[in-house]
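**Student:** what would the 3D arrangement of this be:
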Amino acid sequence: MRILIVDDDPLVCRSLQVLLGREPDIAIIATAADGAAAVEVCRSEQPDAVLMDIRMPGMDGIRAASRIKRDWPHIKIMMLTTFRDRPSIDEALQAGADGYMLKSAQTPHLARQLRAMLAGASVLDRQVLEQLLPRRAPPPPPDMLTPRELEIMRLIAEGCSNREIAAALYIGEGTVRNALTVILDKLELRDRTQLAIRYWRERS
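**Tutor:** From the prediction side, this is the model:
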């Protein structure tokens, strides 16, 4: 996967470039120091994903994410930041971010989450999920979801893609997609992110 790193701290950019660059399937194609530069790199290089800080001088990560998603919706965006407050999380998700991770994440975990995001999963750091779960929600009635649907729900909440779920459960990707549609309908949820939030809320 071709990754653009965006952070106003040169040391952070360099560290991520070196550490993630060791992953055999990750290529760091460029770094940028602010959102405006990130937009220009996306225009010229069309990366698969952007790993971007939130607070930067000039155009910040929120505005850059909104601009990138507007012009190139296929580019995945993961916010990588120290901020885990609810307003920052909400703004990032509303801007179209596909993932939100904290800078405290270990490199192997970050690489796994990037892969999951590229495969279509919505990726949220566990501490970020905790900010989105102010109250414990009542669990679904025992008979609402089948054991297989509960297992698919768990795997989705853990960041697995449809392909990974299909491989883990020895079923087809089409079966996973159909099951996800049924689960979302039963629980009256909109998407995978809400499903992950519901799953972790029940276990908080």
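**Student:** quick one: least confident helix or strand in the protein?
**Tutor:** Least confident helix or strand, the chain: helix 126-131 with a mean of 68, by mean pLDDT, DSSP states H and E.
**Student:** residue 15: neighbour count?
**Tutor:** Residue 15 has 15 neighbours, counted by other C-beta atoms under 10 Å. Quick note: C-beta positions are derived from backbone N, CA and C, even for glycine.
**Student:** you'd agree it is in a helix?
**Tutor:** Yes - per DSSP: H, G, I helix; E, B strand; the rest coil, residue 15 lies within a helix segment.
**Student:** tell me the pLDDT at it?
**Tutor:** The confidence metric pLDDT takes the value 92 at residue 15.
**Student:** so which helix or strand takes in residue 83?
**Tutor:** Residue 83 is part of no helix or strand, with elements assigned from DSSP states H and E.
**Student:** who does the one helix or strand residue 51 maps to touch, helix- and strand-wise?
**Tutor:** Per DSSP H and E: residue 51 is located in strand 49-52. Under the contact criterion of 3 or more C-beta pairs under 8 Å, 6 or more residues apart in numbering; DSSP states H and E, strand 49-52 touches strand 2-6, helix 35-45, helix 61-71, strand 76-81, helix 107-118.
**Student:** what comes up buried for it?
**Tutor:** Neighbour counts using 16 or more other C-beta atoms under 10 Å place 49-52 of strand 49-52 among the buried residues.
**Student:** show me the shaky parts of the chain.
**Tutor:** 127, 129-143, 203-204 (pLDDT under 70).
**Student:** domain-wise, how is this structure divided?
**Tutor:** Per automatic domain parsing, the domain ranges recorded for the chain read 2-131, 147-202.
**Student:** for these, which one ends up most surrounded?
**Tutor:** Compared across the domains of the chain, domain 2-131 shows the largest average neighbour count, a mean of 18 (mean count of other C-beta atoms under 10 Å).
**Student:** what about the longest helix in this protein?
**Tutor:** Secondary structure of the chain per DSSP state H: the longest helix is helix 173-187.
**Student:** so what touches that one?
**Tutor:** 140, 144-145, 148-149, 152-153, 156, 162-163, 165-166, 169, 189-192, 194-195, 198 (C-beta atoms under 8 Å, 6 or more residues apart in numbering).
**Student:** do that again at 6 Å, thanks
**Tutor:** The contact list for helix 173-187, computed with C-beta atoms under 6 Å, 6 or more residues apart in numbering, reads 144, 149, 152-153, 162-163, 165-166.
**Student:** whichever helix or strand comes after that helix - contacts with which helices or strands?
**Tutor:** The helix or strand immediately downstream of helix 173-187 is helix 192-202, counting by DSSP H and E. With contacts taken as 3 or more C-beta pairs under 6 Å, 6 or more residues apart in numbering; DSSP states H and E, helix 192-202 sits against helix 147-157.
**Student:** try it again at 10 Å.
**Tutor:** strand 123-124, helix 126-131, helix 147-157, helix 173-187 (3 or more C-beta pairs under 10 Å, 6 or more residues apart in numbering; DSSP states H and E).
**Student:** need the ones you listed in a markdown table (columns: distance to residue 95).
**Tutor:** Converted to a markdown table, the helices and strands packed on helix 192-202 look like this (distance: least, C-beta to C-beta, whole Å):
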| stretch | distance to residue 95 |
| --- | --- |
| strand 123-124 | 15 |
| helix 126-131 | 15 |
| helix 147-157 | 23 |
| helix 173-187 | 23 |
